[in-house]
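# Just the structure for this:
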Amino acid sequence: MSEKFKYGILIEDSNSLTDLAVRIVDELVVAGFIKDCTDTDDEDEFECQDIIHDILNEEISVIKKA
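Numbering: from 1, shown residues only. A predicted model of the protein is given here:
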């Protein structure tokens, strides 16, 4: 899991971006912008997560530690 700082998540790899996408979607569900699909066959949450993850991957460069 990513090391967390006061203002966010240290982006170390693609998994960190996935964690961030999940966190964003969770907050959008709590705020009521995305319906909660827990224990259903509805894929809305996952589709939103995939879209956010794709955008993050396009816009953020992941720098590997030496």
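# for the protein, what spans make up the helices?
With DSSP state H as the criterion, the chain has helices at 14-31, 44-59.
# Tell me which of those helices sits nearest to residue 37.
helix 44-59 (4.5 Å; C-beta to C-beta). To be clear about C-beta, it is placed using only N, CA and C from the backbone, and glycine gets the same treatment.
# what helices or strands is the closest one leaning on?
Packing partners of helix 44-59 (3 or more C-beta pairs under 8 Å, 6 or more residues apart in numbering; DSSP states H and E): helix 14-31.
# which secondary structure elements does the helix it packs on contact?
Applying 3+ C-beta pairs under 8 Å, 6+ apart, one finds that helix 14-31 contacts strand 8-9, helix 44-59.
# and the angle from that helix to helix 44-59?
If you take axes from the mean of the first three to the mean of the last three C-alpha atoms, to 10 degrees, helix 14-31 sits at 130 degrees to helix 44-59.
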